[in-house]
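> Structure, please.
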Amino acid sequence: GQVDIISGARDLVKQAKKIGATILSKPDANTIGLYIFQADYPGNVFANRDVRLAANYAIDHKLIGETIFSGVGIRPWGCTWPPATEISTTNPRYLKACQTPRPYDPERAKKHLAAAGYKPGKGPTINIEYSASYPEEGALAEAMQPMLKAVGFNAKVERVDRAERNRRRWSGKHINTLLFF
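The predicted structure follows:
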(Lines give C-alpha, C1' and ligand atoms only; values in the text may rest on other atoms or scores of the structure.)
Protein backbone atom coordinates (compact mmCIF):
# COMPACT_ATOMS: atom_id res chain seq x y z
CA GLY A 1 0.00 0.00 0.00
CA GLN A 2 2.97 2.37 0.10
CA VAL A 3 3.63 4.71 -2.80
CA ASP A 4 6.97 6.32 -3.51
CA ILE A 5 7.06 9.30 -5.84
CA ILE A 6 10.31 10.28 -7.45
CA SER A 7 11.24 12.50 -10.32
CA GLY A 8 13.93 11.77 -12.83
CA ALA A 9 15.24 12.61 -16.25
CA ARG A 10 13.87 10.94 -19.37
CA ASP A 11 16.98 8.80 -19.67
CA LEU A 12 15.82 6.87 -16.59
CA VAL A 13 12.36 6.01 -17.96
CA LYS A 14 13.33 2.69 -19.57
CA GLN A 15 15.16 1.60 -16.44
CA ALA A 16 12.19 2.55 -14.23
CA LYS A 17 9.76 0.66 -16.47
CA LYS A 18 11.95 -2.46 -16.25
CA ILE A 19 11.49 -2.57 -12.48
CA GLY A 20 7.73 -2.08 -12.78
CA ALA A 21 7.42 1.62 -12.02
CA THR A 22 4.49 3.61 -13.34
CA ILE A 23 5.56 6.65 -15.34
CA LEU A 24 3.51 9.84 -15.23
CA SER A 25 4.21 13.06 -17.07
CA LYS A 26 2.39 16.19 -18.10
CA PRO A 27 1.52 15.89 -21.83
CA ASP A 28 2.72 19.34 -22.84
CA ALA A 29 5.57 19.69 -20.38
CA ASN A 30 7.99 18.94 -23.22
CA THR A 31 6.83 20.50 -26.43
CA ILE A 32 9.11 20.73 -29.44
CA GLY A 33 8.67 24.01 -31.24
CA LEU A 34 10.72 26.47 -33.26
CA TYR A 35 11.37 30.12 -32.56
CA ILE A 36 12.13 32.42 -35.47
CA PHE A 37 12.85 35.93 -34.24
CA GLN A 38 13.02 39.19 -36.17
CA ALA A 39 11.46 37.74 -39.32
CA ASP A 40 10.49 41.29 -40.27
CA TYR A 41 14.11 42.51 -40.34
CA PRO A 42 15.81 43.22 -43.69
CA GLY A 43 18.14 40.42 -44.70
CA ASN A 44 16.46 37.74 -42.59
CA VAL A 45 15.79 34.77 -44.89
CA PHE A 46 12.91 33.77 -42.61
CA ALA A 47 11.00 36.89 -43.65
CA ASN A 48 9.92 34.71 -46.57
CA ARG A 49 7.01 32.46 -45.57
CA ASP A 50 8.18 29.69 -47.92
CA VAL A 51 11.54 29.55 -46.10
CA ARG A 52 9.77 29.23 -42.75
CA LEU A 53 7.54 26.48 -44.14
CA ALA A 54 10.54 24.69 -45.64
CA ALA A 55 12.22 24.58 -42.23
CA ASN A 56 9.05 23.19 -40.65
CA TYR A 57 8.58 20.45 -43.24
CA ALA A 58 12.30 19.54 -43.12
CA ILE A 59 12.29 18.54 -39.45
CA ASP A 60 11.05 15.13 -38.38
CA HIS A 61 9.45 16.19 -35.10
CA LYS A 62 8.01 12.72 -34.47
CA LEU A 63 11.41 11.03 -34.78
CA ILE A 64 13.03 13.61 -32.50
CA GLY A 65 10.26 13.13 -29.92
CA GLU A 66 10.65 9.36 -30.00
CA THR A 67 14.45 9.25 -29.90
CA ILE A 68 15.82 12.23 -28.00
CA PHE A 69 12.83 12.60 -25.68
CA SER A 70 12.01 8.85 -25.55
CA GLY A 71 8.38 9.72 -26.29
CA VAL A 72 7.93 10.94 -22.72
CA GLY A 73 5.85 14.05 -22.14
CA ILE A 74 5.67 14.99 -25.80
CA ARG A 75 2.59 16.69 -27.17
CA PRO A 76 2.51 17.54 -30.87
CA TRP A 77 1.84 21.24 -31.33
CA GLY A 78 2.08 23.31 -34.48
CA CYS A 79 2.33 26.89 -33.22
CA THR A 80 4.95 28.90 -31.40
CA TRP A 81 3.80 28.66 -27.81
CA PRO A 82 2.79 25.42 -26.10
CA PRO A 83 -0.87 25.09 -25.22
CA ALA A 84 -0.57 25.43 -21.46
CA THR A 85 0.88 28.93 -21.81
CA GLU A 86 -1.00 30.21 -24.86
CA ILE A 87 -4.07 32.33 -24.18
CA SER A 88 -5.15 32.03 -27.83
CA THR A 89 -6.07 28.38 -27.26
CA THR A 90 -9.50 29.68 -26.31
CA ASN A 91 -10.00 30.57 -30.00
CA PRO A 92 -11.34 27.51 -31.91
CA ARG A 93 -9.69 28.60 -35.21
CA TYR A 94 -6.32 28.91 -33.47
CA LEU A 95 -6.73 25.47 -31.90
CA LYS A 96 -7.60 23.92 -35.25
CA ALA A 97 -4.52 25.46 -36.85
CA CYS A 98 -2.18 24.44 -34.03
CA GLN A 99 -3.28 21.03 -32.82
CA THR A 100 -1.34 19.23 -35.52
CA PRO A 101 2.20 20.26 -36.46
CA ARG A 102 3.19 20.29 -40.10
CA PRO A 103 4.21 16.77 -41.09
CA TYR A 104 7.76 15.78 -41.89
CA ASP A 105 7.89 16.10 -45.68
CA PRO A 106 11.35 16.77 -47.17
CA GLU A 107 10.02 16.96 -50.74
CA ARG A 108 7.52 19.60 -49.74
CA ALA A 109 10.32 21.47 -47.92
CA LYS A 110 12.37 21.47 -51.15
CA LYS A 111 9.38 22.84 -53.09
CA HIS A 112 9.01 25.68 -50.60
CA LEU A 113 12.71 26.55 -50.92
CA ALA A 114 12.29 26.54 -54.71
CA ALA A 115 9.24 28.80 -54.38
CA ALA A 116 11.41 31.15 -52.29
CA GLY A 117 13.86 31.34 -55.20
CA TYR A 118 16.54 28.86 -54.08
CA LYS A 119 18.01 26.31 -56.49
CA PRO A 120 18.20 22.64 -55.40
CA GLY A 121 20.93 22.20 -52.82
CA LYS A 122 21.62 25.95 -52.71
CA GLY A 123 19.35 27.08 -49.89
CA PRO A 124 20.05 29.85 -47.41
CA THR A 125 22.65 29.73 -44.67
CA ILE A 126 20.99 29.55 -41.27
CA ASN A 127 22.04 29.01 -37.67
CA ILE A 128 20.53 26.45 -35.33
CA GLU A 129 21.14 28.07 -31.99
CA TYR A 130 20.95 26.48 -28.57
CA SER A 131 21.93 27.61 -25.09
CA ALA A 132 22.05 24.34 -23.12
CA SER A 133 19.28 25.45 -20.76
CA TYR A 134 17.93 21.90 -21.07
CA PRO A 135 19.98 18.70 -21.32
CA GLU A 136 18.55 17.70 -24.73
CA GLU A 137 19.28 20.98 -26.53
CA GLY A 138 22.63 19.97 -28.06
CA ALA A 139 21.24 16.64 -29.28
CA LEU A 140 18.18 18.39 -30.69
CA ALA A 141 20.32 20.88 -32.64
CA GLU A 142 22.58 18.10 -33.95
CA ALA A 143 19.54 16.07 -35.04
CA MET A 144 17.92 18.98 -36.88
CA GLN A 145 21.07 20.00 -38.77
CA PRO A 146 21.22 17.04 -41.22
CA MET A 147 17.44 17.20 -41.73
CA LEU A 148 17.68 20.85 -42.77
CA LYS A 149 20.78 20.20 -44.90
CA ALA A 150 19.03 17.33 -46.68
CA VAL A 151 16.48 19.74 -48.17
CA GLY A 152 19.00 22.42 -49.11
CA PHE A 153 19.63 24.65 -46.10
CA ASN A 154 23.24 25.36 -45.18
CA ALA A 155 22.58 24.82 -41.47
CA LYS A 156 25.19 25.54 -38.83
CA VAL A 157 24.89 24.59 -35.16
CA GLU A 158 25.96 27.16 -32.61
CA ARG A 159 25.90 27.06 -28.81
CA VAL A 160 25.25 30.53 -27.42
CA ASP A 161 24.80 31.56 -23.81
CA ARG A 162 21.64 33.42 -22.89
CA ALA A 163 23.40 36.77 -22.48
CA GLU A 164 24.72 36.59 -26.06
CA ARG A 165 21.31 35.46 -27.33
CA ASN A 166 19.67 38.48 -25.72
CA ARG A 167 22.40 40.83 -27.00
CA ARG A 168 21.73 39.60 -30.56
CA ARG A 169 17.98 40.06 -30.20
CA TRP A 170 18.27 43.55 -28.73
CA SER A 171 20.76 44.66 -31.40
CA GLY A 172 18.61 43.38 -34.29
CA LYS A 173 21.24 40.81 -35.30
CA HIS A 174 19.28 37.71 -34.44
CA ILE A 175 18.45 36.87 -38.03
CA ASN A 176 18.64 33.67 -40.08
CA THR A 177 18.42 31.72 -36.85
CA LEU A 178 16.27 28.87 -35.60
CA LEU A 179 15.87 28.42 -31.88
CA PHE A 180 13.74 25.82 -30.19
CA PHE A 181 12.10 24.85 -26.96
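> hey, let's count contacts and neighbours off CA atoms from now on
Fine.
> From the contact counts, what lies against the top helix by length along the chain?
Assignment by DSSP state H gives helix 137-151 as the longest helix of the chain. Helix 137-151 is packed against helix 49-58, helix 106-115, strand 125-130, strand 154-159, with contacts defined by 3 or more CA pairs under 8 Å, 6 or more residues apart in numbering; DSSP states H and E.
> Just checking: what are the partner strands of the third one?
In this case it means strand 125-130. strand 154-159 (parallel), strand 177-180 (parallel) (DSSP bridges).
> Averaged pLDDT, the last one. What do you get?
Per-residue pLDDT values over strand 177-180 give a mean of 80.
> how far is that strand from where the chain is centred?
Here strand 177-180 is found 7 Å from its chain centre; the criterion is CA atoms, centre = their mean, to the nearest Å.
> Then stretch 136-147?
9 Å.
> Give me the contacts around it.
58-60, 64, 68-69, 128-132, 155-157, 159 (CA atoms under 8 Å, 6 or more residues apart in numbering).
> Any buried residues in it, and which?
Neighbour counts over stretch 136-147 (16 or more other CA atoms under 10 Å) mark 137-138, 140-141, 143-147 as buried.
> what residue ranges in the protein score low on pLDDT?
1-5, 7-11, 24-34, 72-89, 100, 180-181 (pLDDT under 70).
> switch to 90 and redo it
Where the chain drops to pLDDT under 90, the residues are 1-43, 52, 56, 61-103, 121, 130-140, 161-162, 165-166, 168-175, 177-181.
> Specify which member of the buried residues of stretch 136-147 is nearest to residue 53.
Residue 53 has its nearest neighbour among the buried residues of stretch 136-147 in residue 147, at 13.8 Å by CA to CA.
> any idea how far that closest one is from residue 138?
According to CA to CA, to the nearest Å, residue 147 and residue 138 sit 15 Å apart.
> and if you look at residue 125?
Distance from residue 125 to residue 138, by CA to CA: 19 Å.
> repeat for residue 126
16 Å.
> Please apply the same query to residue 165.
16 Å.
> For residue 95, give its distance to residue 164.
For residue 95 relative to residue 164 (CA to CA), the value is 34 Å.
> Comparing these two, which shows the higher neighbour count?
Of the pair residue 95 and residue 164, residue 95 is the one with more neighbours under other CA atoms under 10 Å, namely 16 against 12.
> Stretch 15-24: which residues count as buried?
Of the residues in stretch 15-24, none is buried (16+ other CA under 10 Å).
> actually stretch 101-118, sorry about that
Quick answer for stretch 101-118 (16+ other CA under 10 Å): 101-102, 104, 106, 108-114, 116, 118.
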